[in-house]
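**Student:** 3D, please:
(one chain, ligands or ions: 1)
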Amino acid sequence: MTTDHQDVFEPPAEIVDRARVKDWRAVEARAAADPQAYWADQASELEWSKPWDKVLDDSAAPFYKWFTGARTNIVTNAVDRHLSSATRNKLALIWVGEDTSKVRTFSYFSLNREVEQMANILLSMGVGKGDVVTIYLPRIPEIFFAMLACAKIGAVHSVIFAGYSADALSTRIDDSESKLVITADGSWVNGKVFPLKKIVDDAVRYSPSVENVVVVRNTGTEVTMDTVRDHWYHELARLPIAKGHCPTVQLDAEDPLFILYTSGSTGKPKAILHTHGGYQVGTYTTLKDSFDMKPEDRWWCTADPGWITGHSYLVYGPLLNGATAFMFEGNPTYPYPDIWWQLVEHYGITSFYTAPTAIRTLMRFGDAWVTKHDLSTLRLLGSVGEPINPEAWRWFHRVVGGGRCPIIDTWWQTETGMFQITTVPSMPQKPGSAGRPVFGQQAAILDEAGHEVPVGTEGFLVLKNPWPAMMRTLFKDPDRYRQAYWEKYPGVYLTGDSARIDEDGYIWVIGRTDDVIKVSGHRLGTAEVESALVSHPAVVEAAAIGLPHEVKGNAIHCSVILANGVQPSRELEEDLRNHVAETLSPIAKPDSFDFPEKLPKTRSGKIMRRILRARALGQDEGDLSTLENS
Ligand code: PRX
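**Tutor:** Here you go, the predicted model:
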């Protein structure tokens, strides 16, 4: 293989020998020739209480349906089917607290017991099929139980990352009309307590739909409990209603499994809807193939279950594969920047999946933090969330992977539910390229007019084929679904990213083309940051943009018009930063500010971010002819 970009890493022979997919070209060609047959083969490895009539129903495209007519439940495949084999005694989940002396482990048998208990409690609170349950929990085992319990009884989970503020939580609860919130007293963040229950109290004050709040005791922090609305989980668990078998409800393959809010181009977050049937096939297959999942594996995905990566590849994907998932409550640099490597060594992790930001952060502390640990159990490494720069790729490969472990880069989105561009371990890897479309998928790079651009040219990344784990719609907003993803180029899915394709068919993702910024791998909308800023009394108007950042990938820069008489100052900047943290989330804190007299706008009043970016980077402002008052 040749490339004008840089190195190609051929997978070591022992990796190819062991790989499920050895001859990837043959599988790719077979799946390309008949994608539906490929997906039907994959689906038949799972259990369905009634088989499908049709693999793909595209009669109402872009509202695609998969495995129509089939009856199933993702919990049947993620938990129940493992109970009748030796897998019942295998560890499903190893959990380690931020205080690493706290360890909890669950076999598939005991995971089932916990899920049944949580499901019984939900049923006793009147939660039924189709009801939305909001889950606002940290990285503790109960988040697995809560998600699986909802799925088991046909309820729809809406997990909100436990770092969002009360405002953000309340907006999402209201939008989904949740009657029940599951939370914890607090979470541990670098040795300090983050007051989750307090945030829920503030949020539900403005959310009339919420009837019950279930609280898991985690940090032991004192909290206020409303005598009618709030219930300790451990107290509910002692009641007779919590005991006994809870059957897994068989559902239509297209019944909703979850909604997950993510940022888009407007201030209103989008609720992405995924369903049981297709999502289980997509996450099962992609994890199995790309990470060569085997029974002896210990799989660590460092993502939080509050994001799609945690949904698909920390909770559902590993369990669907009967693997052992590892979850760590803490952060990668606390108490020392070798905590991850200490855990990899101690627990014998074989496959480790993380984000470029974390790699770049840890890389800065130097090799010694890594090399003092024996990481020889590692076989495969993975990357997700943003483009991985070749320097970070090489460090991850050489220092963490000892030069032996292929790095599986995985490009995908909350909307796609499963990997879309990646490699399998037997494929050569190119540092900085996410790889090739998954089996059964085809991608293209288009220009503004919808023509495919020549090899090596940047353009809009689109996906040509529907895939089983694709979102089905935006919850309660089908028009926005059609318009945001399927209208620019009819018949193909618009990803919102720009990319190039090389002569070997490898895709090099460059970044977002819309008003979404990836900051440390977290997805934020500029409009969300702007509306948080304008709710501060000193701010009249604000524009947020992403600027390149060595560790975070992008950092948020804000141009702010101040109210009459307010002067810019360091203190004001700090105040604005904290205000965004409190009204949206600490992950959205702006890095830098400027305070112009006016924002550059088009005559129709649209902020020209291109000009703001050029100004912030000290570059030429380019064509100013469309600027108002130009
Ligand atoms: O810009 C792409 C980037 O993350 C976006 C999707 O964000 P989110 O829905 O939060 O999902 C993140 C985890 C799946 C994409 O539009 N992105 C994700 N993975 C990669 C990536 N960019 C480059 N390389 C990746 N591997």
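
**Student:** Near the ligand, which residues of the stretch 451-600 of the chain are found?
**Tutor:** Selection of the stretch 451-600 of the chain residues close to the ligand by CB under 6 Å from any ligand atom yields 495-497, 509, 512, 518, 523. C-beta coordinates here come from the backbone N, C-alpha and C atoms, glycine included.

**Student:** what residue is smack in the middle of the protein?
**Tutor:** Centroid-nearest residue in the chain, with CA atoms, centre = their mean: I308, separated by 2.6 Å.

**Student:** Now for that one: which residues touch it?
**Tutor:** Listed by CB atoms under 8 Å, 6 or more residues apart in numbering, the contact set of I308 reads 260, 262, 272, 412-414, 417.

**Student:** Give me the subset of the residues you listed that lies in strands.
**Tutor:** 260, 262, 272 (DSSP state E).

**Student:** burial count for the second one?
**Tutor:** Meaning T262. Burial of T262 is recorded as 20 neighbouring residues (other CB atoms under 10 Å).

**Student:** Could you measure from it over to the ligand?
**Tutor:** Noted for T262: a distance of 5 Å to the ligand, by CB to the nearest ligand atom, to the nearest Å.

**Student:** what do you get for S604?
**Tutor:** 27 Å.

**Student:** Please, which helix or strand holds that residue?
**Tutor:** Element membership for S604 (DSSP states H and E) is empty, with no helix or strand holding it.

**Student:** Look at it and say how many residues are nearby.
**Tutor:** S604, neighbours per other CB under 10 Å, totals 7.

**Student:** ok, back up a step: of the contacts of I308, which is the most crowded?
**Tutor:** Within the contacts of I308, neighbour counts (other CB under 10 Å) peak at G417, which reaches 29 neighbours.

**Student:** Provide a list of residues in contact with that residue.
**Tutor:** 274, 278-279, 282-283, 308, 312, 469-471.

**Student:** switch the cut-off to 7 Å
**Tutor:** Residues near G417 by CB atoms under 7 Å, 6 or more residues apart in numbering: 274, 279, 282-283, 312, 469-471.

**Student:** What about the closest residue in space to it that isn't next to it in sequence, how many residues nearby?
**Tutor:** Nearest-residue entry for G417: A469, 3.3 Å, with adjacent residues in sequence omitted and distances by CB to CB, 6 or more residues apart in numbering. When neighbours are counted by other CB under 10 Å, A469 registers 26.

**Student:** How about D34?
**Tutor:** Neighbour tally, D34, other CB under 10 Å: 12.

**Student:** F109 too?
**Tutor:** The tally of other residues near F109 (other CB under 10 Å) stands at 15.

**Student:** So which other helices or strands are in contact with whatever helix or strand Q36 lives in?
**Tutor:** Element membership for Q36 (DSSP H and E) is helix 35-43. Applying 3 or more CB pairs under 7 Å, 6 or more residues apart in numbering; DSSP states H and E, we find helix 35-43 packed against strand 54-57, helix 276-290.

**Student:** do that again at 10 Å, thanks
**Tutor:** Where contact means 3 or more CB pairs under 10 Å, 6 or more residues apart in numbering; DSSP states H and E, helix 35-43 is packed against helix 24-33, strand 54-57, strand 65-68, helix 276-290.

**Student:** among those, which is the most enclosed?
**Tutor:** helix 276-290 (a mean of 28; mean count of other CB atoms under 10 Å).

**Student:** anything in that helix near the ligand?
**Tutor:** No - using CB under 6 Å from any ligand atom, we find that helix 276-290 stays clear of the ligand, coming within 11.4 Å at best.

**Student:** Next, the angle from that helix to helix 35-43.
**Tutor:** Inter-element angle recorded for helix 276-290 and helix 35-43: 80 degrees (by axes from the mean of the first three to the mean of the last three CA atoms, to 10 degrees).

**Student:** Please pull up the helix or strand immediately following helix 276-290.
**Tutor:** Note on helix 276-290: by DSSP H and E, the next helix or strand toward the C-terminus is strand 298-301.
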